[in-house]
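A.B. asks: after the sequence you'll find the predicted model.
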Amino acid sequence: MNRYSAFSLLRNALSHNRNWRAAWRSPEPKKSYDAIVVGGGGHGLATAYYLAKEHGIRNVAVLEKGWIGGGNTGRNTTIVRSNYLWTEAALLYEKSMQLWEGLSQDLNYNVMFSQRGVYNLGHSLQDMRDIERRVNANRLNGIDAEVVSAAELGKAIPCLNVSPAARYPVLGASLQRRGGVARHDAVAWGFARAADALGVDIIEQCAVTGIDVSGGKAVGIQTTRGPIASDRIGVVVAGNAGVLAQMADLRLPIESHPLQAFVSEPIKPVLDTVVMSGAVHGYISQSDKGELVIGAGIDAYNGYGQRGSFPVIEHAMQAIVELFPVFSRVRMLRVWGGIVDVAPDACPILSKTPVAGLYFNCGWGTGGFKATPGSGWVFAHTMAHDEAHELNAPFSLERFSTGALVDEHGAAAVAH
Amino acid sequence: MLLIECPWCGPRAETEFSYGGEAGIVRPLDPDALSDEEWADYLFYRANPRGAHRELWNHAHGCRRWFGVERDTVSYRIAGSFRLGPAGSETGKGANTERDD
């Protein structure tokens, strides 16, 4: 791997930048691997990276049906935070936050992680009570959180409408200063490059068409580029998790929905933080290019179509204009959808399955991007040791029959 | 936006409706007799197919009746609507008996 540094920039500049090597190889798939990760999004690549780095399992393939970062990794609104209410979820997302904080150095790739703070607005007395409860719960778990008044909000975010005359007046917010955004594509590319450097084969344009199970054990997979044998298979495919589960005659308690996001035309710097509102239901930040990055809720119906309905876009815009009247004449540049896999308790499934050697990492719903490094870290542990790490043990498939759900639906900082 | 055909009111915009998930989920008659896995299956596990999906919609801003729709989850194309009947009847797999009022 070419190490990126000021020196390598200079050296390559002298040769007119003609000698940069590809960030990762494009190998032909081998006949067998010690471990296979299905899905070349951020979570899958992070899984492969930590398998190689933390557990010494380097004979690993990541199979991606499209291209690296073309799925939800490249379709989200890039928000990173760890202010979840319940201890199980908070610790998992906080592990991820800690990895984010050293990720660019660790990967030798600038993921542009910017801890610009995340505000979660409250619009009613009950919202504020919930915010205070969540802030206290976060602090007990060692996660930075504070309650901010409407007056402080008005000073920190001048273009936010904190007038008491607003239709849904802003009464205050929670603030996680360590929260922020990261460059989503760079996260995928950085993990891909770092995993590749440790020997992981990243195989794009390779769709999985079947999972081979023999005697209750996973033995390999069928792909559009031929069969590949492995007795350790991790499936990290977000919206299509249910489709993959079916290949091994498993069922998952998830439903797939379209989730839409938008960016505006680029404008001058106006918003230097992240603002989310569960009540009017929208969230917004400004990218380094100047585009406003906006997201909202899922389309209610099941869908695999990577697009949604216009009323949902309209609803998100109403929320944003309600909060930021100044944006009412900003034009939207692009809109797109991703398929999110929503679990009944809005928490992920990071679990072994009834098929030995087959693991599922799914159910992240609308909020998986922030968990990318942590998800890969615990899932790599699960695959390497055939046992969940204590951080992801509460997120087993069994919780749906034991009843030990981690109910972040509505408890998390924004309605999922 | 989806154009959904209410069996009573005709084709209307998606915004008049609310979504009710997979059709044909029958509430177990004797929940106490179920194992935890069977109860979880009823509560949480859905077919979530990539393709044809039979699902419930409610005409919330119209006649407020529930009915079924068959829709493709990839193309979002709607094949048709159907009234719900008693369990096992031809029109509806579900146990949601149509209220005749």
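C.D. replies: Okay, I see it. All values derive from a computational prediction rather than experimental measurement.
A.B. asks: next one: phi and psi at residue B:52?
C.D. replies: phi -60, psi 130 (degrees, to the nearest 10).
A.B. asks: quick check: bridge partners of it?
C.D. replies: residue B:72 (DSSP bridges).
A.B. asks: which strand or helix spans the residue in the stretch 1-150 of chain A that chain B sits nearest to?
C.D. replies: Closest contact between the stretch 1-150 of chain A and chain B, by Cβ to the nearest Cβ, is at residue A:65 (13.1 Å). For every residue, glycine as well, the C-beta is placed using N, CA and C. Using DSSP states H and E, residue A:65 falls within no helix or strand.
A.B. asks: could you find the closest non-adjacent residue to residue A:24?
C.D. replies: Nearest residue to residue A:24, sequence neighbours excluded (Cβ to Cβ, 6 or more residues apart in numbering or on different chains): residue A:196, at 3.6 Å.
A.B. asks: that neighbour and residue A:246, how far apart?
C.D. replies: According to Cβ to Cβ, to the nearest Å, residue A:196 stands 31 Å off from residue A:246.
A.B. asks: now do residue A:38
C.D. replies: 13 Å.
A.B. asks: out of the two, which sits in the busier spot?
C.D. replies: residue A:38 (28 against 17; other Cβ atoms under 10 Å in any protein chain shown).
A.B. asks: so what pairs up with the spatially closest residue to that one that is not a sequence neighbour in the strands?
C.D. replies: Distances taken as Cβ to Cβ, 6+ apart put residue A:235 closest to residue A:38, at 4.7 Å, once the chain neighbours are dropped. Here residue A:235 sits in beta bridges with residue A:38, residue A:360, going by DSSP bridges.
A.B. asks: so residue A:235 touches residue A:244, yeah?
C.D. replies: Yes - if you go by Cβ atoms under 8 Å, residue A:235 and residue A:244 touch, sitting 4.9 Å apart.
A.B. asks: what sits in contact with each of the two?
C.D. replies: residue A:38 (Cβ atoms under 8 Å, 6 or more residues apart in numbering or on different chains).
A.B. asks: please say which of the two ends up with more neighbours.
C.D. replies: Remark: of residue A:235 and residue A:244, residue A:235 carries more neighbours, 27 against 23, as counted by other Cβ under 10 Å.
A.B. asks: OK, contacts around the more buried one?
C.D. replies: A:38, A:39, A:241, A:244, A:245, A:358, A:359, A:360, A:361, A:362.
A.B. asks: gap between it and residue A:44?
C.D. replies: 9 Å.
A.B. asks: overlap in contacts of those two?
C.D. replies: With Cβ under 8 Å, 6+ apart as the test, residue A:235 and residue A:44 both reach A:38, A:361.
A.B. asks: any low-confidence regions in chain B?
C.D. replies: Filtered on pLDDT under 70, chain B yields the residue ranges B:87-101.
A.B. asks: residues in it within reach of chain A, list them.
C.D. replies: B:1-2, B:14-15, B:18-19, B:21-22, B:36-37, B:39-41, B:43-46, B:48-50, B:53, B:55, B:71, B:73-76 (Cβ under 8 Å from any Cβ of the partner chain).
A.B. asks: select only the buried ones of these in ChimeraX?
C.D. replies: In ChimeraX syntax, the buried subset of the residues of chain B next to chain A is picked out as below (16 or more other Cβ atoms under 10 Å in any protein chain shown):
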select /B:2,14,15,19,22,39,40,41,44,45,46,48,49,50,53,55,71,73,76
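A.B. asks: nearest residue to residue A:227 in space, please, no chain neighbours.
C.D. replies: residue A:220 (5.9 Å).
A.B. asks: the one you found in helix, strand or coil?
C.D. replies: strand (DSSP: H, G, I helix; E, B strand; the rest coil).
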